[in-house]
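Asks: next comes the sequence, and after it the predicted model I'd like to discuss.
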Amino acid sequence: MRLDWWTFALQTVNFAILVWLLHRFLYKPVLRMIDARRAEVQHQYDEARLTEEAAKARLAELEGQRAAIAAERRAALEAAAKEARQLAETRRAQTNRELQTLLDTGRKTLAAERERALLEVQRIALDLGAEFAQRLLEEVPMPLRAEAWMTRIEQYLNALAGPEREGLKRQLANGASLVIVTAASLPAAASDSWRERLSLLLGEGIALTFEVQPELIAGVELRFPTAVVHLSWKDTLALMRIAGDSRAHPH
């Protein structure tokens, strides 16, 4: 498969725009909240410092008034200083806890939004890739597409272990039909060729039925009576989407 540089460029631009939107409308508001909280923390710290200074000033006044009672002055100074330190430490610890909680919440929110954004970009890229691939595929002559699909069927069946292929053959015994579903109608010559080549792989005289389902995008499905062989782009894209969803919602 060729790398479509236009598709890659469009995906890159989409991703850059998405990152810019997240930076402008999510990351900056969170930073402003953090700055506001820091200012509040500083204000509380200044209040605690002013409280301590006021306490020291009060103690100094008491010292001047009660110079004769040195023991009482020392006790009052120590008690007031201890209370001020405890108050400052309590406020500082509480503020640090609140700030840490806010930062942790902001980081988790940003990480979750970034993950959702990446998954959305991946989903859009898959849809665009499938659409462009389908348009390009329509320009390929149908006989060439039919030959490529049939070659893939042969490779798949030849790679099966003996018991597995025999199991598929037994499902087609007694006139049971193998339904071959393609994304577009096969030319008559291609249908005849497929009948001959599948007869060589699964046994002479097997009953074949051809159906068309455009939602397969490209490729083919072999629907046995009790088994389905998926060889289409639809199933490949579905597996990629399931893989993306499993990353978004890990167990």
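Replies: Nice, I can see it. Residues are numbered from 1 along each chain as shown.

Asks: give me the low-pLDDT residue ranges for the stretch 51-200 of the chain?
Replies: 68, 70, 110, 112, 115-140 (pLDDT under 70).

Asks: let's see that with 90 instead.
Replies: 51-150, 152-154, 156-177, 182-188, 191-192, 198-200 (pLDDT under 90).

Asks: all strands of it, in order?
Replies: 177-182 (DSSP state E, counting those that start in this stretch).

Asks: mind checking the SS state of Leu208?
Replies: At Leu208 the chain is in strand, as set by DSSP: H, G, I helix; E, B strand; the rest coil.

Asks: where does Ala176 fall, phi/psi-wise?
Replies: phi -60, psi 140 (degrees, to the nearest 10).

Asks: for Ala36, see how far away it is.
Replies: Distance of Ala176 to Ala36, computed by Cβ to Cβ, to the nearest Å: 72 Å. The C-beta positions use only the backbone N, C-alpha and C, and glycine is treated the same way.

Asks: what about Ser185, neighbour count?
Replies: Per other Cβ atoms under 10 Å, the neighbour tally for Ser185 reads 13.

Asks: go on, Gln213?
Replies: For Gln213, the count of nearby residues is 13 (other Cβ under 10 Å).

Asks: now it: closest residue in space that isn't a chain neighbour?
Replies: Closest residue to Gln213 apart from its sequence neighbours, by Cβ to Cβ, 6 or more residues apart in numbering: Val181 at 5.3 Å.

Asks: for the one you found, list each beta-bridge partner.
Replies: Glu211, Glu221 (DSSP bridges).

Asks: residue contacts, it?
Replies: Counting by Cβ atoms under 8 Å, 6 or more residues apart in numbering, Val181 touches 210-213, 216, 220-221, 223.

Asks: whichever of those residues end up buried, select them in PyMOL.
Replies: Applying 16 or more other Cβ atoms under 10 Å to those, the buried members can be selected in PyMOL as follows:
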select buried, resi 216+220+221+223
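
Asks: which of the contacts of Val181 scores worst on pLDDT?
Replies: Minimum pLDDT across the contacts of Val181 is recorded for Leu216, with 78.

Asks: from Lys82, how far out is that residue?
Replies: 79 Å.

Asks: backbone dihedrals for the nearest residue to Glu72 once chain neighbours are set aside, both of them.
Replies: Closest residue in space to Glu72, ignoring its immediate chain neighbours: Arg66 at 6.2 Å, by Cβ to Cβ, 6+ apart. Main-chain torsions, Arg66, degrees, to the nearest 10: phi -120, psi 50.
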